[in-house]
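[1] Need a 3D model of the following:
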Amino acid sequence: METTSTSETATATTPPAPTHVLSQEIGEGVEAVALAKEAEAGAEAGAGEDSNLSYIESKMEECKLEDLLPSDAAAEASMGKKEKALVWGRPGHLTQEEVQIFAKFREEIKKRGGEFKNTIYSFTEEEGEAYTLTRWLRARKYNLSDTITMVEEATECRSQPR
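    Okay, the predicted model is just below:
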């Protein structure tokens, strides 16, 4: 008995993401992968976790605050409600108030250092500084004190043996 199968293609009804967002994320993703491979090579050479973090930080440029603001106001204004929700709080789409909170959060991290900083930058190899910090801030809707409390709790949780 011979069976034949027919395949039907489904058409996507969701609109594609804005091109400027995708190209920026792809470019940063490629750079982050390269940094991760370099860091992995450094870790295999006998470097510890702290020196591995230092190595990654030395290779990454500190993001510029003006890069966090929308570069094209017209494109930002033409976004629909759903598109705006998808890019809310992400680098390149922050409000001036969110950029100020971002800067305060980065200063707090530098001031505290140690395990607090290690908790924050645990995914930096994959994300980059801007995406790492905004990920923590978005989790608490850019409320700085709530974000710091969350990081402190995560740091304590990470320090407990499993």
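[2] Only C-alpha atoms from now on, for both contacts and neighbour counts.
    Fine.
[3] Wait, Leu133 touches Lys104, no?
    No: taking contacts as Cα atoms under 8 Å, Leu133 lies outside contact range of Lys104: 10.9 Å.
[4] Neighbour count for these two, which is higher?
    A direct count of neighbours by other Cα atoms under 10 Å for Leu133 and Lys104 places Leu133 higher, at 21 against 13.
[5] Secondary structure element holding His138?
    If you look again at residue 138, you'll see it is Arg, not His. Assigned by DSSP states H and E, Arg138 belongs to helix 129-139.
[6] What helices and strands are in contact with the helix or strand harbouring Glu107?
    For Glu107, the element it lies in under DSSP H and E is helix 96-112. In terms of contacts (3 or more Cα pairs under 8 Å, 6 or more residues apart in numbering; DSSP states H and E), helix 96-112 is packed against helix 114-120, helix 129-139.
[7] picking that back up, only the buried residues of whatever helix or strand comes next after the helix holding Arg138, if you could.
    Once the chain leaves helix 129-139, the next helix or strand it forms, by DSSP H and E, is helix 144-159. By neighbour count with 16 or more other Cα atoms under 10 Å, helix 144-159 contains the buried residues Leu144, Thr147, Ile148, Met150, Val151, Glu152, Thr155.
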